[in-house]
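Asker: Pasting the sequence and the predicted model now:
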Amino acid sequence: MPTEKPRPKNTMKPWAMFLGSLFVAIAGAVLWEQKAAQNLVGQIAGEAVAAHMKLKPLEVKTNSIDGVKEFFAELGFAPAASKVLVTQFQVSEQALQGGRYASLNGVPVAQLRYRASQNDLSTLYQAVYSHVRFGEMPKIQQGEQPRVIVISGLSVSMWVENGLLLVLVKGV
């Protein structure tokens, strides 16, 4: 009769196995959430670039932010002048051509078009910021810098300023 070899004892405690499993589950959830956030940013940027490239006709033509504010009364917020737009991206308020209603990720936005020259076209989208709809975005008032990505050779910058999400597409 063959002799039975003693089985090695499981030296891992049940609580250690539980903690290891919990760590793996948490790490997986964090990675999944980061990937989902990247996808959301890419989706928003892609929508902004597509609308920028279409150059649909402006619904209001004005070079005044006050004129734009009156037009977008149905949005439930007033588009605002952005300090970051001028200081960091060198887009002059005098280059404003007008705007139109649009949407990003299913949220109504103000789409403002700026043209400093024939080869310098920028589109700025503004919406009431919602973490749920747009994900975590850099907040200028907290000293954070805009998130910048490049899609189809165009620079897309995103940030939150004064409670509004701003998405800037620069380039022609």
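Answerer: Right, received. Where do you want to start?
Asker: Find the nearest non-adjacent residue to Glu47, please.
Answerer: Leu104 (5.3 Å; Cβ to Cβ, 6 or more residues apart in numbering). For the C-beta atoms, the positions are set from N, CA and C on the backbone; glycine is no exception.
Asker: Let me see the contact set for the one you found.
Answerer: For Leu104, the contacting residues are Ile44, Glu47, Ala48, Tyr125, Ala127, Phe134, Val167, by Cβ atoms under 8 Å, 6 or more residues apart in numbering.
Asker: gap between the first one and Val107?
Answerer: To tie it back to what came earlier, the one meant is Ile44. Here the criterion is Cβ to Cβ, to the nearest Å. By it, Ile44 lies 9 Å from Val107.
Asker: Show only the entries of the contacts of Leu104 found in strands.
Answerer: Tyr125, Ala127, Val167 (DSSP state E).
Asker: Any stretches of this structure with poor pLDDT?
Answerer: 1-38, 172 (pLDDT under 70).
Asker: which strand in the protein runs the most residues?
Answerer: Longest strand in the chain, counting by DSSP E: strand 107-117.
Asker: Helix, strand, or coil at Glu70?
Answerer: Here Glu70 is recorded as helix under DSSP: H, G, I helix; E, B strand; the rest coil.
Asker: Also Ala78?
Answerer: On the basis of three-state DSSP, Ala78 is classed as coil.
Asker: That one: what's it in contact with?
Answerer: Lys69, Phe72.
Asker: quick one: it from Ser64, how far?
Answerer: From Ala78 to Ser64 the distance is 13 Å (Cβ to Cβ).
Asker: what about Lys170, neighbour count?
Answerer: 19 (other Cβ atoms under 10 Å).
Asker: thought Lys69 was touching Pro79?
Answerer: Yes. Contact criterion Cβ atoms under 8 Å: Lys69 and Pro79 qualify, at 6.0 Å.
Asker: For these two, indicate the residue with more neighbours.
Answerer: For the pair Lys69 and Pro79, the greater number of neighbours falls to Pro79 (22 against 18), based on other Cβ under 10 Å.
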